[in-house]
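Visitor: Fold the stuff below for me.
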Amino acid sequence: MCLFGATLLTNITMPWFVALLAIGIGCGGVINPSVQGMYLRPFTTLAGSATSLMNMSVFAFGAAWGALSGFFYDGTLVPIVATMLVALTLSNLIGMTIPRPEFKPD
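Guide: As a prediction, the model looks like this:
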C-alpha cells in the first residue's frame, strides 16, 4: 500500500522504490514457508504433486499478472505497482474465504 501510494502521489526516486519493493518482497519471503507448510499439511501421500501444483500456479499467475501490467504500461511505475496491489488484495480476499481446519493435536 505504501509503495502504491508513494508511486501514485509522488515522483518517487529509484532508491526509494527499490527499498519499498524490497520490504514488500521481504515480507512475502518471511511468510512463504509458513504458507507452504499449511498448504502441504493435508497432502501426506501426494506432497510432491501438491508442491509442483503450487509452484506451477505461482509461475502461471506471475506470468499473467506480469503480462497484464505490461499491457497497461505507460512509462511510469504506476501500472506495475497497481497490478501488484490488485493481486495482493485478491489473494487476501481469496485466502479469507478458505475455511480453517480444526486443530487436532498429534
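Visitor: Quick check: buried residues in the helix or strand that contains residue 7?
Guide: Assigned by DSSP states H and E, residue 7 belongs to helix 2-9. Buried residues in helix 2-9, defined by neighbour count with 16 or more other Cβ atoms under 10 Å: 3-4, 6-7. Glycine gets a C-beta too; all of them are placed from N, C-alpha and C.
Visitor: Is it possible to get JSON lines of the residues you listed that adds distance to residue 95 and pLDDT?
Guide: Converted to JSON lines, the buried residues of helix 2-9 look like this (distance: Cβ to Cβ, whole Å; pLDDT from 0 to 100):
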{"residue": "3", "distance to residue 95": "20", "pLDDT": "82"}
{"residue": "4", "distance to residue 95": "19", "pLDDT": "82"}
{"residue": "6", "distance to residue 95": "25", "pLDDT": "83"}
{"residue": "7", "distance to residue 95": "25", "pLDDT": "84"}
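Visitor: Among those residues, which pair sits farthest apart?
Guide: Pairwise distances across the buried residues of helix 2-9 peak at 7.4 Å for 4 and 6 (criterion: Cβ to Cβ).
Visitor: Please name the residues that touch the spatially most central residue of the chain.
Guide: The residue lying closest to the centre of the chain (Cα atoms, centre = their mean) is residue 88, at 5.4 Å. Counting by Cβ atoms under 8 Å, 6 or more residues apart in numbering, residue 88 makes contact with nothing.
Visitor: Show the model's pLDDT score for it.
Guide: Looking at residue 88, its pLDDT reads 87.
Visitor: Specify the local secondary structure of it.
Guide: helix (DSSP: H, G, I helix; E, B strand; the rest coil).
Visitor: Please apply the same query to residue 99.
Guide: Residue 99 - assigned by three-state DSSP - is coil.
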